[in-house]
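Student: sequence and predicted structure below; questions after.
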Amino acid sequence: MTIQEREQQALEVYIKLLKSKGFGPETFVQRINFLNRLMPLLADKVSGGGEYRMALEALMDHVAETDWPESLVIAREYYPFWANDLKAVSNLSKSVSKDTLPIDWKPTEVALVTLWHAVDQEKFGTTDSWAIKAYTKALRNENAEQTLIDTRLKLSKILLMRLKDAPNRDNKSYRTVVDATLPLFEVKKNRRLFLVVVREFFHFWAGNPEAEKYILNNNTVSML
């Protein structure tokens, strides 16, 4: 199999699965259009997460901000087909349906500078305030420097501001807000820091009693 055939075959299997789950033509058009832009960037890559993430990051720099949430969902769905990860494909087959697609909602478009200046005046409800306090305490327990704490708290509060209008307080809303906020960070190291924060903070937001063990672990992060 040539490398180009690998990408095309993965696409065909992916689309076949979606058809079997009742997805319609409008779903395929959106996915095929995006993947036709991604696949050429994968054509000379070794199958693996690192290469895939690099190709995706290169593409996302040229995707409109409003299209990031949908595009990243497609990239996550397509990856196991491209990597020939049969277990992940099987899991996707069992779980994916039209009902499990991301919610038909995105946060309001806004500039990062606007969020950055507004967040200090923002008032949060009891549940969100508890999450912020618990995250702060966990960082202090790890002897984090104050500047690190301040930055992480500000980023987590930006996330909470964006979540305020979400129709539900659930994982889908959280993921959608993260995906919609990522392109606001034009500097890639700041984007990666935001990813670190939202993955740490998620466990506090979700009320995970073991949330503290997920902070400052230096794991590699990506927009996948």
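Tutor: Received it, and whenever you're ready, just let me know what you need. Numbers count the residues shown, from 1 in each chain.

Student: which strands and helices lie in contact with the helix or strand of the chain with the lowest mean pLDDT?
Tutor: Least confident helix or strand of the chain, by mean pLDDT, DSSP states H and E, is helix 86-95 with a mean of 86. Helix 86-95 sits against helix 3-20, helix 68-82, with contacts defined as 3 or more Cβ pairs under 8 Å, 6 or more residues apart in numbering; DSSP states H and E. Heads up, the C-betas are built off the backbone N, CA and C, glycines and all.

Student: any idea of the mean pLDDT for the last one?
Tutor: Rounded to a whole number, the mean pLDDT of helix 68-82 is 92.

Student: go through that helix and flag the buried ones.
Tutor: By 16 or more other Cβ atoms under 10 Å, the buried positions in helix 68-82 come out as 68-75, 77-82.

Student: out of these, who's nearest Thr151?
Tutor: Thr151 has its nearest neighbour among those in Trp68, at 22.5 Å by Cβ to Cβ.

Student: so what's that closest one up against?
Tutor: Residues counted as contacts of Trp68 (Cβ atoms under 8 Å, 6 or more residues apart in numbering) are Met60, Asp179, Ala180, Leu182, Pro183.

Student: highest neighbour count among those?
Tutor: The residue in the contacts of Trp68 with the most neighbours, by other Cβ atoms under 10 Å, is Ala180 (23 neighbours).

Student: give me the number of residues near Val197?
Tutor: 22.

Student: renumber starting at 630 from here on
Tutor: Done: numbering now begins at 630, and the last item shifts to Val826.

Student: can you check the pLDDT for it?
Tutor: The per-residue pLDDT of Val826 was computed as 95.

Student: what about it, which helix or strand?
Tutor: helix 817-834 (DSSP states H and E).

Student: could you look up the SS state of the closest residue to Ala773 other than its chain neighbours?
Tutor: The shortest distance from Ala773 to any non-neighbouring residue, by Cβ to Cβ, 6 or more residues apart in numbering, is to Leu845 (6.8 Å). In three-state terms, and counting by DSSP: H, G, I helix; E, B strand; the rest coil, Leu845 is coil.

Student: for Leu845, which residues are in contact?
Tutor: Leu768, Glu771, Ala773, Glu829.

Student: tell me the pLDDT at Thr656?
Tutor: 81.

Student: excluding its backbone neighbours, what's nearest it?
Tutor: Closest to Thr656 by Cβ to Cβ, 6+ apart is Leu647, at 6.3 Å.
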